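Chemist: With the input below, show me the fold.
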Amino acid sequence: MSENHSNSGGEFEREPVPESALLGSGKFWGMYAGEHAAGTEFMIGPLFLAAGASLQDLLLGLLLGNFLAVLTWRFLVTPIAMAKRMTLYYQLERIAGGSLVKFYNLVNGLLFCFLAGAMVTVSASAVGVPFGITFDVPDSMFGFSNPSFTLLVAIVGAVIAVIAAGGYQRVARVANIAAPWMIAVFAACGIVSLAQMEATSLTAFSEGKFWTDAIAFVQEKNGTQTFGFWQIVVFGWLCNGAMHFGMADLSIFRFARSKSSGWAPAIGMFLGHYMAWICAALLLAALIKLTPELALGTDGKVAANPGLLAFQSLGWTGIICVVIAGWTTANPTIYRAGLAFQGIVPKSSRIIMTLVAGMVATIAGAFPNLSAKLLDFVGTYGTVLGPMGAIIFVDYYLMKKFGLQDEYAVHSGTRVNIAVMLAWLLPVGVGLYLIFARGLFAAYAVIPCWIACGLIYLVLSKFTQNSVADNRGAIQ
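Modeler: As a prediction, this is how the structure comes out:
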């Protein structure tokens, strides 16, 4: 199975997947292993430690959060995907209207580019280690690092964009081949880091002095921060909120022959978002214990440099893993962004749109603070895109029960379903205000926005559909 079934002008983009094209569970387990044990893990793991999360909270919080994420994929996404067997974009078009979906594609594509940009930064950090090119995080969100690193980002971004433009099939094949090796390297990073810190016994690990010492060092240099148990739970659950609550993975599970395929995200969550995050965090703890001066940027603050962290633990193996992990994440992300942009201008070339996406991602990668803020970014990403999943959920389960027309846009011929537009933008607007103006932890906004979006859509549909029915007669 590959994304090109659903998005790349290949098969079943605008029709349900037929019985003959359905796939067994094994295809899904392999895909999720490759997708979620990748470049972001090298960046996110150390950020937990840098944010002041305790080792106990991290171990237990991620366990619960990732379990909730798996349940959401299995019981929220999979049943609708198997019932409708349509891509996310086609389902939204039938509900929301073609013009509104184009706007959604623009937002979706830009957010994909920012995520890919973080992975360009990750890969460049590894490429720069052998050349002595440092990874400095500037004070401002949109500040550049040093000129050498910025040039390296441009080169790495250009290479990734060109490869992504060659097509998803090649990218997906390499990612699936690399996934088992990358998972093994992540585990090795954790084991080696514990050995370097002489924390190989159960007693030493449970006491966690190596961890508390590392947090104390970070707090001294960066200022006091806290990242508690429930923040960890919610982040683990909702960092992929756009994929499950936002229903993006309808495009994946529409090929599922059995509902058991819906458990496949578990391999990505527990090998990638659990084991790999914790092992990557241990890299930073080991670097602080052994050579604390290397953990500091030019501004005297601790910076999570994925390439340097992996190199100090596993040498060239670590460097290669970071490069490949960033590459296997950025390539499909840029590819999907290109497809989203192509959806806005259907007659455009997929290759050109992918290169445009790669250019935007490379520009984003030149601002290292974007990758340093991944804990906030992925929550914001879910807040913006997640609520659209509530539209699909309500349309599938509730519209007919309330005497309303499902898939309203395709039945009425409207290009913009006002009920969908307002139901999406109003909660998202409030959520973004709370995040950026009031300092709300971004992941906390995902579920409230999702629920509000679904309720507003249901209520507004009652008014808008009745109004149309009064003027034009009942929708057939």
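Chemist: Stretch 442-458: which residues count as buried?
Modeler: Residues of stretch 442-458 classed as buried under the neighbour-count rule (16 or more other Cβ atoms under 10 Å) are 442-450, 452-454, 456-458. C-beta: built from backbone N, CA, C; applies to glycine.
Chemist: Tell me the first helix or strand C-terminal of the longest helix seen in the chain.
Modeler: Selection of the longest helix in the chain by residue count, based on DSSP state H, yields helix 98-128. Where DSSP states H and E defines the elements, the next helix or strand beyond helix 98-128 is helix 147-165.
Chemist: Please name every helix or strand in contact with that following helix.
Modeler: In terms of contacts (3 or more Cβ pairs under 8 Å, 6 or more residues apart in numbering; DSSP states H and E), helix 147-165 is packed against helix 98-128, helix 168-196, helix 316-344, helix 350-365.
Chemist: try 7 Å
Modeler: helix 98-128, helix 316-344, helix 350-365 (3 or more Cβ pairs under 7 Å, 6 or more residues apart in numbering; DSSP states H and E).
Chemist: to the chain's geometric centre, what's the distance from it?
Modeler: Its chain's average C-alpha position is 21 Å from that of helix 147-165, according to Cα atoms, centre = their mean, to the nearest Å.
Chemist: quick one, that helix and helix 316-344 angle?
Modeler: Interaxial angle, helix 147-165 versus helix 316-344 (axes from the mean of the first three to the mean of the last three Cα atoms, to 10 degrees): 60 degrees.
Chemist: Residues in contact with helix 147-165: which ones?
Modeler: The contact list for helix 147-165 (Cβ atoms under 7 Å, 6 or more residues apart in numbering) reads 120-121, 123-124, 127-128, 133-136, 144, 171, 327, 330-331, 334-335, 351, 354-355, 358-359, 361-362, 365-366.
Chemist: same check, this time on stretch 76-91
Modeler: Residues from elsewhere that reach stretch 76-91, judged by Cβ under 7 Å, 6+ apart: 6-7, 13-14, 16-17, 101, 244-245, 247-251, 253-254, 256, 259, 261-262, 343, 392, 396.
Chemist: Now which of those would you call buried?
Modeler: Among the contacts of stretch 76-91, the ones that count as buried by 16+ other Cβ under 10 Å are 6-7, 13, 17, 101, 244-245, 247-251, 253-254, 256, 261-262, 343, 392, 396.
Chemist: Among these, name the ones in strands.
Modeler: Among the buried ones among the contacts of stretch 76-91, DSSP state E puts none in strands.
Chemist: Who's the closest spatial neighbour of S123, skipping the chain neighbours?
Modeler: Closest residue to S123 apart from its sequence neighbours, by Cβ to Cβ, 6 or more residues apart in numbering: G326 at 3.3 Å.
Chemist: name the helices or strands packed onto the host helix or strand of Y381?
Modeler: Using DSSP H and E, Y381 falls within helix 374-385. With contacts taken as 3+ Cβ pairs under 7 Å, 6+ apart, helix 374-385 sits against helix 39-50, helix 98-128, helix 229-238, helix 418-436, helix 446-472.
Chemist: tell me the angle of it relative to helix 39-50?
Modeler: 120 degrees.
Chemist: quick check: angle from helix 374-385 to helix 98-128?
Modeler: Angle, helix 374-385 to helix 98-128, by the same axes, to 10 degrees: 170 degrees.
Chemist: Give me the contacts around helix 374-385.
Modeler: With Cβ under 7 Å, 6+ apart, helix 374-385 has contacts from 40, 43-44, 47, 51, 107-108, 111, 114-115, 118, 235, 238-239, 241-242, 245-246, 370, 428, 431-432, 435, 441-443, 445-446, 449.
Chemist: Same question for that helix: list its buried residues.
Modeler: Those would be L374, L375, D376, F377, V378, G379, T380, Y381, G382, T383, V384, L385, for helix 374-385 by 16+ other Cβ under 10 Å.
Chemist: pLDDT of that helix, averaged?
Modeler: Averaging pLDDT along helix 374-385 gives 89.
Chemist: List phi and psi for L22.
Modeler: Phi and psi for L22, reported as degrees, to the nearest 10, are phi -70, psi 150.
Chemist: I'd like to know how many residues surround it.
Modeler: L22 has 16 neighbours, counted by other Cβ atoms under 10 Å.
Chemist: From F28, how far out is it?
Modeler: 11 Å (Cβ to Cβ, to the nearest Å).
Chemist: Overlap of the contact sets of those two?
Modeler: A256.
Chemist: Give me the mean pLDDT for stretch 466-476.
Modeler: For stretch 466-476, the per-residue pLDDT averages 52.
Chemist: now swap in stretch 343-353 and tell me
Modeler: If you average the pLDDT over stretch 343-353, you get 82.
Chemist: residue ranges with poor pLDDT in the stretch 301-450 of the chain?
Modeler: Nowhere does the stretch 301-450 of the chain drop to pLDDT under 70.
Chemist: try 90
Modeler: Applying pLDDT under 90 to the stretch 301-450 of the chain flags residues 301-354, 367-378.
Chemist: Name the nearest residue to the most centrally placed residue in the chain, ignoring sequence neighbours.
Modeler: Closest to where the C-alpha atoms of the chain average out (Cα atoms, centre = their mean) is N240, at 5.1 Å. Distances taken as Cβ to Cβ, 6+ apart place A69 nearest to N240, at 6.3 Å, with adjacent residues excluded.
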